[in-house]
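In: coords please:
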Amino acid sequence: MSEDIEKTIRELHIYEKKLLKELEANSNASPEEIAENTGMDIKSVMSAAGSLASKDIIEVDKHVQQTYSLTEDGIEYAEHGLPERRILNRLVEKKEIPMKDLASETGLDKKEANIALGWLRRKNWAQIDKGVLNITEMGVDFANKAGVDEKVLEHLKANADGVKLFADDLIDGFNKLTGRKNILNIKKETSHSFIILPKGEEILKVGFTIKEQATQLTHEHLKDGEWKSLEYRPYDINAEAPVVFAGKKHPLREIIDEIREIFLNMGFIEDNGEYVESAFWNFDSLFQPQDHAAREMQDTFYLKNPLTCDLPDDALVQLTAETHETGADTGSIGWQYDWSHDIARQSVLRTHTTGISTKHLFEHEPPIKMFSVGRVFRRETFDYKHLPEFHQVEGLVCGEGISYQNLLGTLKEFYKKLGFEVRFRPAYFPYTYLSTESEIYLEEKESWIELGGAGMFRPEVLKPLGINQPALAFGMGIERLAMIRYDVEDIRMLYKSDIKWLREVPVSKGVRL
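Out: Model (predicted):
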């Protein structure tokens, strides 16, 4: 006996052994017969058969037998004729029927009449000319003949219990009926047969005993001493285990939670803001002029309901207006235009989370360390790197002695906790000065990638808010970070719910501290 056969016999389950023994006694035994003779249920028999087949011990053949019978519609057509036949019979009498009179002349409803017209043209029994249905020569010829599909209807009507096979002269008609809905009932009966393969024959030749096996050692076995007489089923420790797709967070949620934990560990508090915001907080509070291109409808979603939002404190609004118009006492000359309260009241879906920072500055006394993570909305065209809504994260620090060096240090610590080496280059943003863009290094691509912007809030932003201390701010798009983290080239993949991709994305290892 070879080691392979010996090993296979040791690993056979008791159900597999019972099935093999039954096939040795009766090679033609059906699953039902095996279940009755062994006391197993059908599910256990088929499970054992599948396992034996996977080990090349037996072969499982599947047989599907279909039985055809008539539906209620099919019975009606068999008794009264197919819709096209009923129209043809009427055409034989009248030669032609105006289309407007088709329903009244034939008694067919609109749906049946439309189906019948399609089959009349397909069978070339009739044609429509200037709103009149005329019988063709072939129609006249078939007026007293049964079509092949009608012969099948008659055959099925005569065999109400169902037909498994059709004679050769009925096959064409059967194929025509299967192309029509609601005429045939199809009942499928599945059966299985087993064939012992050479490996199975060798196992039976060697022989084996059928004895209950223990799959685990229990407290009761040890207590009663039963463990001494138990036969234990061996396990193949090299066997492949089934793939388990455990529940886990969506990749975007993983990154959002990771970023939130980083900020909290750095001593920040969270502010969320609202999706619907006034143009004042979204644009004006950031010293963005009211004729700026970013405010146009091609870039921003404006709402009809509510059409406008209330403006905040009058003093804040007045100082903001003066700063836009003349620069007020900020040392700036402003934008030199007439600021409009009506434009500031417009309702928008927030285009960034920076408006949360200015509102937080107005509502809280420094020192402040605040962050926000949330969705923002812009009128972007769908493509591989743009979506009309995405997530943005914002960080804000305000207090005495805060400087540009503090900004760079905060950014280095933040990106370090995300697992990236970071460098900075000068940049321009309307509401910060000095400003910088952060670039992270990707080892696998051997290149630097721009990931976020940052800067010191300008006096034109801070003074109307009543803030006389310096403030730094930084932010980035979370989807861009996710694309880098998960090596995704199309941003839409993050929202497609592609189950294969979601299963393969590794579970996050948490915050890198």
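In: Give me the three-state assignment for residue 227.
Out: At residue 227 the chain is in helix, as set by DSSP: H, G, I helix; E, B strand; the rest coil.
In: quick one: it from residue 218, how far?
Out: 9 Å (CB to CB, to the nearest Å). All C-beta atoms are positioned from the backbone trio N, CA, C, and that covers glycine.
In: Can you pull the residues that touch both of the two?
Out: Both residue 227 and residue 218 lack any common contact, where contact means CB atoms under 8 Å, 6 or more residues apart in numbering.
In: count of neighbours near residue 209?
Out: Look at residue 209: counted by other CB atoms under 10 Å, it has 7 neighbours.
In: Just list the residues touching it, thanks.
Out: Residue 209 neighbours (CB under 8 Å, 6+ apart): none.
In: would you say it is within a helix?
Out: No - with three-state DSSP as the criterion, residue 209 is coil rather than part of a helix.
In: Nearest residue to residue 290 in space, please, no chain neighbours.
Out: Among residues not flanking residue 290 along the chain, residue 343 sits closest, at 4.8 Å (CB to CB, 6 or more residues apart in numbering).
In: Could you look up the SS state of the one you found?
Out: Applying three-state DSSP: residue 343 is helix.
In: I figured it hits residue 292, correct?
Out: No - counting by CB atoms under 8 Å, residue 343 does not reach residue 292; the two are 10.8 Å apart.
In: got a list of contacts for stretch 62-74?
Out: By CB under 8 Å, 6+ apart, stretch 62-74 touches 78, 153, 156-157, 159-164, 174, 182-193.
In: Repeat the analysis, applying 7 Å as the threshold.
Out: 78, 153, 156-157, 160, 162-164, 182-193 (CB atoms under 7 Å, 6 or more residues apart in numbering).
In: Distance check, residue 230 against residue 145.
Out: 77 Å.
In: The two: which has the busier surroundings?
Out: More neighbours surround residue 230 than the other of residue 230 and residue 145, with 14 against 8 (other CB under 10 Å).
In: Please identify the helix or strand for the residue lying farthest from the centre of the chain.
Out: In terms of distance from the mean C-alpha position of the chain, residue 93 ranks first, at 58.9 Å (CA atoms, centre = their mean). According to DSSP states H and E, residue 93 maps onto helix 83-94.
In: The strand or helix carrying residue 449 packs against which elements?
Out: Element membership for residue 449 (DSSP H and E) is strand 447-457. Applying 3 or more CB pairs under 7 Å, 6 or more residues apart in numbering; DSSP states H and E, we find strand 447-457 packed against helix 404-418, strand 432-442, strand 471-477, helix 478-485.
In: Out of those, which gets nearest to residue 359?
Out: strand 471-477 (12.9 Å; CB to CB).
In: For that closest one, give me every contacting residue.
Out: So strand 471-477 is contacted by 353-354, 357, 361, 390-398, 402, 406-407, 410-411, 432, 451-457, 462 (CB under 7 Å, 6+ apart).
In: make it 8 Å
Out: When contacts are defined by CB under 8 Å, 6+ apart, strand 471-477 is touched by residues 352-354, 357, 361, 366, 368, 390-398, 402, 404, 406-407, 410-411, 414, 432, 438, 451-457, 462.
In: Give me the buried subset of these.
Out: 352-354, 357, 361, 366, 368, 390-398, 402, 404, 407, 410-411, 414, 432, 438, 451-457, 462 (16 or more other CB atoms under 10 Å).
In: can you tell me how far the closest residue to residue 182 other than its chain neighbours sits from residue 83?
Out: By the measure of CB to CB, 6+ apart, the closest residue to residue 182 outside its immediate chain neighbours is residue 73, 4.6 Å from it. Counting by CB to CB, the gap from residue 73 to residue 83 is 10 Å.
In: Tell me which of these two has more neighbours.
Out: residue 83 (23 against 14).
In: Contact partners for the more buried one?
Out: Taking CB under 8 Å, 6+ apart as the test, what residue 83 contacts is 77, 106, 108, 112-113, 115-116, 119.
In: In PDB, list the C-alpha atoms belonging to whichever helix or strand residue 69 is part of.
Out: Using DSSP H and E, residue 69 sits in strand 58-70. Output of strand 58-70 as PDB, limited to C-alpha atoms (Å, rounded to 0.1, in the frame of the first residue of the first chain):
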ATOM      1  CA  ILE A  58     -15.100   9.100  -7.300                       C
ATOM      2  CA  GLU A  59     -16.700  11.100 -10.100                       C
ATOM      3  CA  VAL A  60     -20.000  12.800  -9.700                       C
ATOM      4  CA  ASP A  61     -22.200  13.100 -12.800                       C
ATOM      5  CA  LYS A  62     -25.100  15.600 -12.700                       C
ATOM      6  CA  HIS A  63     -28.200  15.000 -14.900                       C
ATOM      7  CA  VAL A  64     -30.900  17.600 -15.400                       C
ATOM      8  CA  GLN A  65     -34.200  16.500 -16.900                       C
ATOM      9  CA  GLN A  66     -36.600  19.200 -18.000                       C
ATOM     10  CA  THR A  67     -40.300  18.600 -18.300                       C
ATOM     11  CA  TYR A  68     -42.500  20.900 -20.400                       C
ATOM     12  CA  SER A  69     -46.100  21.700 -19.900                       C
ATOM     13  CA  LEU A  70     -48.500  24.500 -20.800                       C
END
